[in-house]
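Chemist: Predicted structure and sequence below. I'll ask about it afterward.
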Amino acid sequence: MSRSRQPRSLNGRIILYVALLCVAIGAMFALRRCNSELYPAARIGQSEGDTLDVAIIYSPMSYYLYDDTIGGFNYDMLRLYAKGQQRPIRFWPVVSLDDALQRLNDRDFDLLASLPIDQEFKVKYAYTSDLFLDRQVLIQRRDSRGMLTVKSSLDLAGETLHIEKDSPIEFRIHNLEREIGDTIHIERHPELSSEYLFLKVASGELRYAVVNERVARPLLEHYPEVSIDTPVSFTQFQAWVLHPQDTAMLHNLNTWIDSIKQTPVYEQILMRYN
């Protein structure tokens, strides 16, 4: 369906949400500039002392801004970790997974929060112990009768799915191709976050996208015509990602994660964002 055929109310909501998302992203980079003023000699990857440089993906589960409040499961957990270690931490909000992974490889970042644990990615990166569960879902619009074109993975044969570039979702789609015995085309977007992919499907610019359910579900309140009812993967463990050579840091993080998960504090933070 083209944009010209979209109801005015839908277009209005799309424009408003995109505007709000742009404002939020702008605020994040303003926050980053603010942080840089505290460390005038530092740049990404070269923070002074033992500061932990964390690339954190902008999403409802990981990191978000609401008015003057910063929140997110990964954000809260990492602040708790840094406080316990008495170690300074600096967050670098990112909207491009492709860029974040490249900077992790280049040692500009110490850690990326977070990605699904994927066997293919384990060859390239070091994963911490798991932190929470998520799964990948298909984003599609319902038709005028409220019906779905894709009701199961078998219906994806020959279709094109839009994803973030370098996302572990790509490996899952290739596995899905083998399972259904047919081709599924992939369009990779280095410049678009999961939220933008969701919005482009909601506006009719894209037909299908695949994102994590915890990213998509909070958006459904504003876009009831969009469905996330078709899973593309089983439920997967999500974890923080490090450079494969950072074995000492990985051990330290795993020890802390395994310990904190046994406490009520972990359950309280998890419930806050469920």
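Modeler: That came through, no problem.

Chemist: and the next element down the chain from the helix or strand of the chain with the lowest mean pLDDT?
Modeler: Sorting the helices and strands of the chain by mean pLDDT, DSSP states H and E puts helix 8-38 at the bottom, at a mean of 45. Helices and strands here follow DSSP states H and E; after helix 8-38, the next one along the chain is strand 52-57.

Chemist: Show me what that following strand pairs with in its sheet, parallel or antiparallel.
Modeler: Within its sheet, strand 52-57 is paired with strand 89-94 (parallel), strand 111-116 (parallel), according to DSSP bridges.

Chemist: which of these sits most buried?
Modeler: Greatest average neighbour count among the strands paired with strand 52-57 goes to strand 111-116 (a mean of 25), per mean count of other Cβ atoms under 10 Å. The way it works is simple: take the backbone N, C-alpha and C, and place the C-beta from them, glycine included.

Chemist: and the gap between residue 53 and residue 80?
Modeler: Going from residue 53 to residue 80 by Cβ to Cβ, to the nearest Å gives 17 Å.

Chemist: Could you do residue 63 as well?
Modeler: 14 Å.

Chemist: The two: who's more crowded?
Modeler: residue 63 (24 against 15; other Cβ atoms under 10 Å).

Chemist: Mind pulling up the pLDDT for residue 49?
Modeler: In this model, residue 49 is scored at 69, pLDDT.

Chemist: all helices for the protein, in order.
Modeler: 8-38, 73-85, 97-105, 169-180, 194-203, 213-216, 247-260, 264-272 (DSSP state H).

Chemist: roughly how far is the fourth one from the heart of the chain?
Modeler: The reference is to helix 169-180. Its chain's average C-alpha position is 19 Å from that of helix 169-180, according to Cα atoms, centre = their mean, to the nearest Å.

Chemist: Next, the contact list for the closest residue to residue 120 other than its chain neighbours, please.
Modeler: Counting by Cβ to Cβ, 6 or more residues apart in numbering, residue 120 lies nearest to residue 171, which is 4.4 Å off, once chain neighbours are set aside. Residues near residue 171 by Cβ atoms under 8 Å, 6 or more residues apart in numbering: 118-121.

Chemist: Now intersect those with the strands, please.
Modeler: Nothing among the contacts of residue 171 maps onto strands, per DSSP state E.

Chemist: buried subset of these?
Modeler: Neighbour counting by 16 or more other Cβ atoms under 10 Å classes 118, 121 among the contacts of residue 171 as buried.

Chemist: Serialize the strands paired with strand 52-57 to CSV and add fields for distance to residue 267.
Modeler: Shown next, in CSV, are the strands paired with strand 52-57 (distance: least, Cβ to Cβ, whole Å):
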stretch, distance to residue 267
strand 89-94, 23
strand 111-116, 18
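
Chemist: can you redo those strands as JSON lines with mean pLDDT and distance to residue 266?
Modeler: Putting those into JSON lines (pLDDT from 0 to 100; distance: least, Cβ to Cβ, whole Å) gives the following:
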{"stretch": "strand 89-94", "mean pLDDT": "92", "distance to residue 266": "18"}
{"stretch": "strand 111-116", "mean pLDDT": "92", "distance to residue 266": "15"}
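
Chemist: Among the contacts of residue 171, which one lies nearest to residue 139?
Modeler: Lowest distance from residue 139 to the contacts of residue 171 (Cβ to Cβ) belongs to residue 118, with 19.8 Å.

Chemist: Surely that closest one is in contact with residue 168?
Modeler: Yes: the pair residue 118 and residue 168 passes the contact test of Cβ atoms under 8 Å, sitting 3.9 Å apart.

Chemist: Run a quick neighbour tally on residue 61.
Modeler: 23.

Chemist: which residues touch the nearest residue to it once chain neighbours are set aside?
Modeler: The spatial neighbour of residue 61 that comes closest, neighbours along the chain excluded (Cβ to Cβ, 6+ apart), is residue 214 at 4.2 Å. Counting by Cβ under 8 Å, 6+ apart, residue 214 makes contact with 59-61, 132, 134, 273.
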